[in-house]
Each structure stands twice: as C-alpha cells, then as structure tokens.
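**Student:** structure of the sequence below:
(one chain, ligands or ions: 2)
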Amino acid sequence: MANPIYAALPTTIFSIMSGLAREHGAINLGQGFPDAPGPLAIRQKAADETLNGDNQYPPMPGIAPLRQAVAAHYARAQRLDFDWASEITVTSGATEALAASFLALLEPGDEAILFQPMYDSYAPVIRRAGGVPVLARLAPPAWRWDRTMLEALITPRTRMIVLNNPLNPTGVVYGEDDLAVLAGVCVAHDLIAVCDEVWEHVVFAGAVHRPLIAFPGMRGRTVKIGSAGKMFALTGWKVGFLCAAPPLTEVLAKAHQFLTFTTAPNLQAAVAWGLEHCAGWLDEMPRDLAASRDRLTEGLRREGFAVLPSAGTYFLTVDLPGSGVLEDDLAFAYRSVREAGVTAIPVSAFYEREPVTSILRLCFSKADATLDEAVLRLAKARDLSIRAHNRG
Ligand code: PMP
Ligand code: GLN
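**Tutor:** Ligands and ions are numbered 1, 2, ... in the order given. Presented below is the predicted three-dimensional model:
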C-alpha cells in the first residue's frame, strides 16, 4: 500500500489552479511564472550547448563552471565567500535542494520550525524524512515573528528553522532586525537554518535582501538555497543551488546523489554563462516587475480592492474582506476561475493549521494588457460573490 503521508496529500494548489485555468480558458495569475520567454541570450546558450556541448552525465555536485559562477555571483552580489569546490552543490531546482536538506539533516523525531504561510513542499518532505514540523503562524498585515513566539516553539528536539525570504506568498522581504532575531535564536539553541532564498533577486527598490548566512554565528549552521529559475525568469529550468559550509555540504551531496544525482548539463552551462554575462538582467528584471506590480496594484485599487504591499517575488496579495468580498479565499478563488475567467491562489493553501482565509495571492509577472483584463475580471468575480451572498 501507499505511504500514508503521501496518500493523504492533496494535489498542489498550483497544479489545481493551473488545471482550472486551462479548463476555463482563464487568465492565470495563480501559479507563479512570467508570461515572457526569458532572456534570449541564455536560451540561445542552452540551445548551443544542446547541439554542440556535452550531453552525458555531468559531475554529481554540478559542473565546475556553474559552481564557480555561483560562488563568484554571491561574492559580488551578497559579499559571501563560498569556496566553489567544497561549498556549492547544483540541484534540480530549489525543490530538490529543500528535499536534500531535510533528508540529510533531520533524524527521526527531530523538530523543524516552519513559518506559515509556508511553501507547500516543506512539511510533507520533512515528515517523510522522519522529522516533525512545528508550525509558527504569521498573520497579516505584517507577517512577522518575534523572539517570544520562536522561544515558545523550541524544545530539546528542535533541530532546524526553515526560512523563506523573500516570502512567497506575501511579498515580504525580511530586513536586518527580523533576521537578527532569527539568527540569535539559531545560535542560542544550536539550530540549523535552511534558507529558501529563491526570490533573493526579485526584490524591488526600497527593499534589500540580506542572506541569513551572513549574520553572526550563522556561517557554519546555514544552508542557503537559490534558484536560477527565479534569477533568470526561466521557472521550468529547475536549476537550483545548495550553498553551505563543507561539513553540511558533504552530507547534503549524499542526499542529492540519490535524489537526482545530477541536473541537465546544457542548462547548467547556460546558467553559468548567464551568471557571468547577464548581470544587467538582474538589475532590469526587478525594475520591470515593479512596474507590473504597480500597474496591477493601481488597477485593483481603482476597482476598490484592498491591496497589501509587496516588496519582492512575483506576487501581491489582496485583503478580501477589505475589498468587499464576503466569502473565504478558497471559495473566491474557485468562483473567480469558474465564473469570471481569472485564476488566483488562496493564501490559506500555505497553512496546515489555523489558516488565514482572508487573503488572495495574484501573480503580476504578466503583460500589461493581461493584468488590465484580470482586474476587470476580478471586479466581476467580486460582484458575483456579493450577489451570491445577498441571495444566500
Ligand atoms: N521555494 C519557494 C518559496 C518557491 O516559491 C519556489 C517556486 N516558486 C520554490 C521553492 C521552487 O523552486 P524551483 O522551481 O527552483 O524548484
Ligand atoms: N512556486 C510557484 C508558485 O508559488 C509554483 C511552483 C509549483 O507549481 N510547484 O506559484
């Protein structure tokens, strides 16, 4: 029979909503991906590598040029001092990097503190690794933790804290003070931090991404996870990085070797080339995305929606009761795709316990005309929702 942890799992909300979007021919502001094709030069490099490069198994920890390029990139962008040979492992997306971290670092019964709203892969893989998710609950509008909240969750079995910064789905970019609290707790209780920083470059003017690994006492106890899919708006490529001190990297690589062993060499080579030659892209991309965020925000506000601030990621969130919607986020998301032709993600899907059910996530990495039409459709969905409520 199937393993009960997996048998009981629902299909991810991203697959469900993208499936409904296809079925209803809806505008898809649900699953997070850009509607542009991604940087041409990097795609050309991947094509060239496919035709003329080496397409056999690459080395297990990743090709040397990519590991070197990742170390050089983080030295430039975040002043980190990774040694490419002993501290960088290439994975098949951040999803694999996360799974490798949980499998390699948790022993049966170890507790891992997770912040809800949390990315959907964390808790199921932690459980399958024998770990016990311990859920902290962040709430709108600030979505913040404090030391008291964290200390209350710590027990003698606590082994790790998982941080997603910038945070999907809320678009919060945690700064110096919040991160210092987290680092202080990790050091005081001898915890590992697994840092899902896939959105580190999708940060808008006014906010700065600070890697937790750079905080005092964190260098040897942090696993930093990145994703080329988010850096270069090529979400389907699934090229990720695990960055950690050598004793952690050694054991992470042992998990990686039996998860996927390696990652497509043409894509690794193209990402290495992109990191070396396309620094300009990493500057332009957040500027373009911020303009899309502003366009969607202004359009929604004109229609009377209450939009929460977004400092990073492809996402903004809407407060439904503040926008006049009287049903919960899941019901409104289903109504929007079925009756108004626009797809969103209910933030309650990022909670296992005591969900926040009043917030809807919208992806703004889309063309202006798509965003404008989506605003009209969301307004229609709200009107239908109000009418249904008044009837009921
Ligand atoms: N973590 C978070 C917070 C994400 O938003 C995503 C994807 N959007 C991932 C992990 C997975 O990244 P990848 O596609 O590189 O596996
Ligand atoms: N990370 C993407 C999002 O938040 C979805 C990735 C997936 O579909 N698994 O929309």
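**Student:** please see if stretch 188-205 touches ligand 1.
**Tutor:** Yes: using CB under 6 Å from any ligand atom, stretch 188-205 reaches ligand 1 at 196, 198. Glycine gets a C-beta too; all of them are placed from N, C-alpha and C.
**Student:** can that stretch be found next to ligand 2?
**Tutor:** No: Stretch 188-205 lies out of reach of ligand 2 by CB under 6 Å from any ligand atom, never closer than 7.9 Å.
**Student:** then stretch 219-237?
**Tutor:** No: between stretch 219-237 and ligand 2, judged by CB under 6 Å from any ligand atom, nothing touches; the nearest distance is 7.2 Å.
**Student:** tell me the pLDDT at the residue of the chain found nearest ligand 1?
**Tutor:** In the chain, the residue that lies nearest ligand 1 is Gly93 (2.7 Å; CB to the nearest ligand atom). Here, the pLDDT recorded for Gly93 equals 98.
**Student:** wait, it sits on Lys238?
**Tutor:** Yes: counting by CB atoms under 8 Å, Gly93 touches Lys238, with 3.5 Å between them.
**Student:** which neighbours do those two have in common?
**Tutor:** Shared contacts of Gly93 and Lys238, defined by CB atoms under 8 Å, 6 or more residues apart in numbering, are found at Gly229.
**Student:** where does the residue nearest to Pro59 when sequence neighbours are not counted fall, secondary structure wise?
**Tutor:** Spatial nearest neighbour of Pro59, excluding adjacent residues (CB to CB, 6 or more residues apart in numbering): Thr262 at 7.2 Å. Element membership for Thr262 (DSSP states H and E) is empty, with no helix or strand holding it.
**Student:** can you check Ala47 too?
**Tutor:** Assigned by DSSP H and E, Ala47 belongs to helix 40-52.
**Student:** what helices or strands is that helix leaning on?
**Tutor:** Applying 3 or more CB pairs under 8 Å, 6 or more residues apart in numbering; DSSP states H and E, one finds that helix 40-52 contacts helix 265-277.
**Student:** for the stretch 151-300 of the chain, give me the ranges with low pLDDT.
**Tutor:** Residue ranges of the stretch 151-300 of the chain with pLDDT under 70: none are present.
**Student:** please list the residues of this protein that sit near ligand 2.
**Tutor:** 12, 14, 31-32, 168.
**Student:** just the helices from the stretch 101-250 of the chain, written as ranges.
**Tutor:** 122-128, 147-151, 176-188, 228-231, 246-259 (DSSP state H, counting those that start in this stretch).
**Student:** now these in JSON lines, with mean neighbour count?
**Tutor:** JSON lines is the format used below for the helices of the stretch 101-250 of the chain (neighbours: other CB atoms under 10 Å):
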{"stretch": "helix 122-128", "mean neighbour count": "21"}
{"stretch": "helix 147-151", "mean neighbour count": "14"}
{"stretch": "helix 176-188", "mean neighbour count": "17"}
{"stretch": "helix 228-231", "mean neighbour count": "25"}
{"stretch": "helix 246-259", "mean neighbour count": "17"}
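**Student:** for Ala374, find the nearest of the ones you listed.
**Tutor:** Taking CB to CB, helix 228-231 is the member of the helices of the stretch 101-250 of the chain nearest to Ala374, at 21.7 Å.
**Student:** what sits up against that closest one?
**Tutor:** With contact meaning CB under 8 Å, 6+ apart, helix 228-231 is reached by 93-94, 198-202, 234-241, 267, 271, 274-275, 282.
**Student:** go on, stretch 301-311?
**Tutor:** For stretch 301-311, the surrounding residues in contact (CB under 8 Å, 6+ apart) are 140-141, 166, 170-173, 203-204, 206-207, 293, 296-297, 300, 316-319, 322-324, 359, 375-376, 378-379, 382.
**Student:** now the terminal residues of it, how far apart.
**Tutor:** 17 Å (CA to CA, to the nearest Å).
**Student:** that stretch near ligand 1 anywhere?
**Tutor:** No: between stretch 301-311 and ligand 1, judged by CB under 6 Å from any ligand atom, nothing touches; the nearest distance is 13.7 Å.
**Student:** repeat that for stretch 245-262.
**Tutor:** No: Stretch 245-262 stays out of contact with ligand 1 when judged by CB under 6 Å from any ligand atom, the minimum separation being 11.4 Å.
**Student:** can you start the count at 377 instead of 1 from here on
**Tutor:** Sure, I'll start counting at 377 from here, so that last one is stretch 621-638.
**Student:** convert that stretch to CSV, retaining C-alpha atoms only.
**Tutor:** What follows is stretch 621-638, C-alpha atoms only, in CSV (Å, rounded to 0.1, in the frame of the first residue of the first chain):
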residue,chain,number,x,y,z
ALA,A,621,29.9,25.0,4.9
PRO,A,622,31.9,21.9,3.9
PRO,A,623,30.6,19.6,6.7
LEU,A,624,27.0,20.4,5.7
THR,A,625,27.7,20.2,2.0
GLU,A,626,29.2,16.8,2.4
VAL,A,627,26.0,15.3,3.8
LEU,A,628,23.7,17.4,1.5
ALA,A,629,25.6,15.9,-1.5
LYS,A,630,24.9,12.4,-0.2
ALA,A,631,21.2,13.1,-0.3
HIS,A,632,21.4,14.8,-3.7
GLN,A,633,23.2,11.8,-5.2
PHE,A,634,20.2,9.6,-4.6
LEU,A,635,17.5,12.1,-5.4
THR,A,636,18.5,13.1,-8.9
PHE,A,637,22.3,12.6,-8.9
THR,A,638,22.7,15.5,-11.3
